[in-house]
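Visitor: Sequence first, then the predicted structure:
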Amino acid sequence: MGHNHTHNNTHVHNDLKGRNLLWSILLNIIITVAQVIGGILSGSLSLLSDALHNFSDVISLIVSYIANKLTKRKASLQKTFGYKRAEILAAFINASTLIIVAILLIIEAVKRFNNPQEIASNLVIWLSAVAILANGFSVLLLKKDSKSNMNMKSAYLHLLTDMMASVAVLIGGLLMKYFKLFWVDSVLTFAIAIYLIWMGFYLLKNATKVLMLFTPDDIPLKKIVEQINAFEAIKNVHHVHVWQLNEDEIHLEAHIDFNEDITLSQFDAILHDIEEFVFNTYDINHVNIQPEYGKDDAKDVIVQD
């Protein structure tokens, strides 16, 4: 029982997201190929690490694009929620790849720091400058959707960190060209990797919470129970679950013990009031209530499997 308060032009919005992702994928494929060739020719580990990061961007953007397409598929008897969690799963995969790439970069940076090599800095400078422009454009394409969608945020963070990495590589290229500080290449690679781990862990933690059906951080479950208990007709609220299905849906289910043996129409009126309250106060837009009267169960247990 319950209804959805979410009303927006999801189809048009998803199409726009899909087009922006396609443009970002194309740009990053071009950057990756150019940086791999340039990194090999110049001998720059930081440029190759940036290329590796860009390649992870390509993978993450493709995963995000597929997830975005899957969310448009309708629910079925076998998939009653459809593919609404595809984008959360994509965010989890993308965050994991960020951390794995970062660990590989740290290993290579340590090896190179102990054995610094002369690097063709001109090629590093030009290719990093091109990467900054291309990634900057991709970041602008995804920035708006990154504020409200975890999948798009994961793709956005991939591109943003890569743009920052390219800025660092550009600075390193200038230092190598004018001051012959070739060890800077390894230091920059290490710094980029640490930043990737920090960003990746934050996103991985949030995606894991959603996949594990944890109560959202901003939902005070005990307070909600107390507030619903305060409704005149309600005696007790127990066996409560609150979880986030995806970026747009927060669900609440609970058993409610009533003071009297009310009619179905009376229950519908109370349910409507509960729905309006939790939606307006906590953005919970799916409510499922099991009504009870005189049922012999544990009324003092708020949360139970």
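Guide: Arrived safely, thanks for sending. Numbers count the residues shown, from 1 in each chain.
Visitor: Domain boundaries for this protein, per the record?
Guide: 10-211, 221-292 (automatic domain parsing).
Visitor: most tightly surrounded among the ones you listed?
Guide: Each of the domains of the chain was given a mean neighbour count from mean count of other Cβ atoms under 10 Å, and the largest, a mean of 20, is that of domain 10-211. Heads up, the C-betas are built off the backbone N, CA and C, glycines and all.
Visitor: Now do the SS call for residue 241.
Guide: Classification of residue 241 by DSSP: H, G, I helix; E, B strand; the rest coil places it in strand.
Visitor: Turn the domains of the chain into JSON lines, columns for mean pLDDT and distance to residue 300.
Guide: Compiled in JSON lines, the domains of the chain are given as follows (pLDDT from 0 to 100; distance: least, Cβ to Cβ, whole Å):
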{"stretch": "domain 10-211", "mean pLDDT": "82", "distance to residue 300": "27"}
{"stretch": "domain 221-292", "mean pLDDT": "94", "distance to residue 300": "7"}
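Visitor: Need those domains in CSV (columns: distance to residue 303).
Guide: Formatted as CSV, the entries for the domains of the chain read as follows, by distance: least, Cβ to Cβ, whole Å:
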stretch, distance to residue 303
domain 10-211, 16
domain 221-292, 6
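Visitor: Between the two ends of stretch 217-237, how far is it?
Guide: End-to-end distance of stretch 217-237 (Cα to Cα, to the nearest Å): 21 Å.
Visitor: Identify all contacting residues around it.
Guide: 209, 215, 240, 242, 250, 252, 254-260, 262, 266, 270, 273-274, 277-278, 281-282, 284, 299, 302-303 (Cβ atoms under 8 Å, 6 or more residues apart in numbering).
Visitor: Got phi/psi on residue 256?
Guide: The main-chain torsion angles of residue 256 are listed as degrees, to the nearest 10 and equal phi -120, psi 120.
Visitor: What distance do you get for it to residue 275?
Guide: Note on residue 256: its distance to residue 275, by Cβ to Cβ, to the nearest Å, is 13 Å.
Visitor: do residue 179 as well
Guide: Counting by Cβ to Cβ, the separation of residue 179 from residue 275 is 65 Å.
Visitor: likewise residue 90?
Guide: 30 Å.
Visitor: Which strands and helices lie in contact with the helix or strand that contains residue 138?
Guide: When elements are defined using DSSP states H and E, residue 138 is found to belong to helix 121-146. Applying 3 or more Cβ pairs under 8 Å, 6 or more residues apart in numbering; DSSP states H and E, one finds that helix 121-146 contacts helix 10-42, helix 45-70, helix 150-179.
Visitor: switch to 6 Å and redo it
Guide: When contacts are defined as 3 or more Cβ pairs under 6 Å, 6 or more residues apart in numbering; DSSP states H and E, helix 121-146 packs onto helix 10-42, helix 150-179.
Visitor: Now distance to residue 126 too, for those helices, in TSV please.
Guide: As requested, the helices and strands packed on helix 121-146 are arranged in TSV below (distance: least, Cβ to Cβ, whole Å):
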stretch	distance to residue 126
helix 10-42	8
helix 150-179	8
